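Peer 1: From the sequence below, what's the structure:
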Amino acid sequence: MIMRYFDFKGEKISRLGFGCMRFKTIDGDNSKIDKVESAKILKEAIGKGLTYIDTAYPYHEKMSEKFVGEFLEENNLRDKIYLASKLPCWLIKEKEDFYRIFSEQLEKLRTDYLDFYLLHSLDIKRFRQMVDLGVFDFVDELKEKGLVKNIGFSFHDEYEAFEEIIKAYDWDFCQIQLNYLDINLQAGMKGYDLAKKMGIPLVIMEPVKGGRLANPPIEVREIMAKFTYLSPAQLALKFPLSLDNVMTVLSGMNTSDQVAENMAIASADPSLSEKEREFYDKAREIYKKREKIACTACEYCLPCTVEINIPKVFSMWNKAFLYDEADISKKSYEEYLKDGVNPETCIECGKCENICPQSLEIIEGLKEANEFLSK
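Peer 2: The predicted structure follows:
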């Protein structure tokens, strides 16, 4: 097995990166990382050639960075990998917070520099707030002092926001959500093309859509068997791996089998066959037919007159059918109703339908979603 690498400024970055948001935990407590098992999995991945480790301030309730730092120090691996972490922008209220949190991160990670540092989870509102607080002066200072080698951002918003953000600074890289199903979601393939045109390499998150594409519905599995010998997870990973401007694809691996499976596809020829391209097209068609309402979560419908979170309700409704997650969606809906506004309060003013870019029948959709999710 020979790991493939991306040439980033003369550095060899493994095409498969280790995402540190989904380590094995103890007793279902997300803050209690199973350190023994997680260290074993990390060692296996690094031993097979993986060089990129991605963590962040909030992962595992602020315990991921601490565990990663301890692991790298105890195993003398810091200089053998590229370490990435992220600035929790939502916690920044004043300029001093930039420095306080970054110092805390270096201490947890037991290092005096980061190879990659991202502004975490940017949408356009959060980005503009960071700019107003002087974030560019802050990251320029980090680079000048050698505390960070490369500056980027991770993104969660619509394409128009992505275009504004990526053109606002001389970024070294950026991170977007991309998989074969979500080619038009958030930045999507349009964002990929723009980043490539600008010469900014990409890190890909959610290539398996939180594990959902590793366990597709039976209709997808049936056509998969006709087009490829790859496993569902490998086929999902291969889509972003086939894109030449992708530096690394993140995977939250927590078993030895997952490491072996993912390493195998990251070591293989990334070019797509015609059959694999056809599979992606057919799979999208199947998922599209399962969708209950074609909401893209653009949020044009917000704020709702009575403050119903329309995109959130539709997302839970869709997921129940897209991924055979009826029970999970109903439980999520139950939690939403504890603080969120019930769709039954809709006054049918029509404001949302008049502005919806997809011309959706939102009023009727809310009734149907509530009827199903509240059963």
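Peer 1: by contact count, what packs against the lengthiest helix in the chain?
Peer 2: Longest helix of the chain, by residue count under DSSP state H: helix 274-290. In terms of contacts (3 or more Cβ pairs under 8 Å, 6 or more residues apart in numbering; DSSP states H and E), helix 274-290 is packed against helix 218-227, helix 232-241, helix 310-322. Every C-beta, even on glycine, is put in place using the N, C-alpha and C of the backbone.
Peer 1: in that helix, what's buried?
Peer 2: E276, F279, Y280, K282, A283, R284, I286, Y287, R290 (16 or more other Cβ atoms under 10 Å).
Peer 1: ok, now stretch 165-175?
Peer 2: I165, I166, Y169, W171, D172, F173, C174, Q175.
Peer 1: just curious, which of these is nearest to F136?
Peer 2: Nearest to F136 among those is Y169, at 5.9 Å by Cβ to Cβ.
Peer 1: How far off centre is stretch 17-36?
Peer 2: Counting by Cα atoms, centre = their mean, to the nearest Å, stretch 17-36 is centred 17 Å from the centre of its parent chain.
Peer 1: One more: stretch 248-263?
Peer 2: Worked out by Cα atoms, centre = their mean, stretch 248-263 lies 15 Å from the chain centre.
Peer 1: what does stretch 345-356 give?
Peer 2: 31 Å.
Peer 1: What of stretch 35-54?
Peer 2: For stretch 35-54 - counting by Cα atoms, centre = their mean - the centre lies 20 Å from the chain centre.
Peer 1: And for stretch 85-104?
Peer 2: 21 Å.
Peer 1: again, but for stretch 122-138
Peer 2: The answer for stretch 122-138 is 20 Å, by Cα atoms, centre = their mean.
Peer 1: List of residues touching that stretch?
Peer 2: By Cβ atoms under 8 Å, 6 or more residues apart in numbering, the residues outside stretch 122-138 that reach it are 89-90, 92, 94-95, 98-99, 119, 153-157, 160-161, 164-165, 168-169.
Peer 1: now do 7 Å
Peer 2: With contact meaning Cβ atoms under 7 Å, 6 or more residues apart in numbering, stretch 122-138 is reached by 89-90, 92, 94-95, 98, 119, 153-157, 161, 164-165, 169.
Peer 1: just to revisit the earlier point, need the buried residues of stretch 165-175 in TSV with secondary structure, can you?
Peer 2: Shown next, in TSV, are the buried residues of stretch 165-175 (DSSP: H, G, I helix; E, B strand; the rest coil):
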residue	secondary structure
I165	helix
I166	helix
Y169	coil
W171	coil
D172	coil
F173	coil
C174	strand
Q175	strand
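Peer 1: Show me which of those residues is closest to F239.
Peer 2: Distances from F239 to the buried residues of stretch 165-175, taken by Cβ to Cβ, are shortest for Q175, at 16.3 Å.
Peer 1: Now do that closest one against F8, distance only.
Peer 2: Q175 sits at a distance of 14 Å from F8 (criterion: Cβ to Cβ, to the nearest Å).
Peer 1: before we move on, back to that, can you select the buried ones among the contacts of stretch 122-138 for me in ChimeraX?
Peer 2: The following ChimeraX line selects those of the contacts of stretch 122-138 that are buried, judged by 16+ other Cβ under 10 Å:
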select :89,92,98,119,153,154,155,156,157,161,165,169
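Peer 1: Just the ones of the contacts of stretch 122-138 in helices?
Peer 2: Going by DSSP H, the helices hold K95, F98, A161, E164, I165 from the contacts of stretch 122-138.
Peer 1: okay, among those, which ones form the most distant pair?
Peer 2: Longest span within the ones in helices among the contacts of stretch 122-138, Cβ to Cβ: K95 and A161, 23.3 Å.
Peer 1: Flag the shaky bits of the stretch 151-300 of the chain, pLDDT-wise.
Peer 2: For the stretch 151-300 of the chain, not a single residue meets the criterion pLDDT under 70.
Peer 1: end-to-end on stretch 57-67?
Peer 2: Taking Cα to Cα, to the nearest Å, the first and last residues of stretch 57-67 lie 12 Å apart.
Peer 1: do stretch 261-277 as well
Peer 2: Span of stretch 261-277 from end to end, Cα to Cα: 21 Å.
Peer 1: what does the average pLDDT come to for the helix or strand encompassing R100?
Peer 2: According to DSSP states H and E, R100 maps onto helix 95-109. If you average the pLDDT over helix 95-109, you get 98.
Peer 1: Name the residues that touch that helix?
Peer 2: For helix 95-109, contacts defined as Cβ under 7 Å, 6+ apart pick out 57, 65-66, 68-69, 83, 85, 87-88, 91-92, 112, 133-135, 138.
Peer 1: can you tell me which of the residues you listed are in strands?
Peer 2: Secondary structure from DSSP state E places L83, S85, L87 of the contacts of helix 95-109 in strands.
Peer 1: Quickly list what the last one is bridged to.
Peer 2: It stands for L87. L119 (DSSP bridges).
Peer 1: And for it, the neighbour number?
Peer 2: Neighbourhood size, L87 [other Cβ atoms under 10 Å]: 28.
Peer 1: In contact with it, which residues?
Peer 2: Going by Cβ under 7 Å, 6+ apart, the list of residues near L87 reads I101, F102, Y117, L118, L119, H120.
Peer 1: The residues you listed: which two are farthest apart?
Peer 2: I101 and L118 (13.1 Å).
Peer 1: what about those two, which has more around it?
Peer 2: Taking neighbours as other Cβ under 10 Å, I101 and L118 compare with L118 leading, 27 against 16.
Peer 1: check contacts around the more buried one.
Peer 2: L118 neighbours (Cβ under 7 Å, 6+ apart): A84, K86, L87, G152, F153, S154, Q175.
Peer 1: Looking at those residues, which one is closest to I347?
Peer 2: Out of the contacts of L118, the member with the shortest distance to I347 (by Cβ to Cβ) is S154, at 37.5 Å.
Peer 1: And the residue nearest to V68 when sequence neighbours are not counted, how close does it get to S332?
Peer 2: Closest residue in space to V68, ignoring its immediate chain neighbours: T55 at 5.0 Å, by Cβ to Cβ, 6 or more residues apart in numbering. Between T55 and S332 the distance is 26 Å, computed by Cβ to Cβ.
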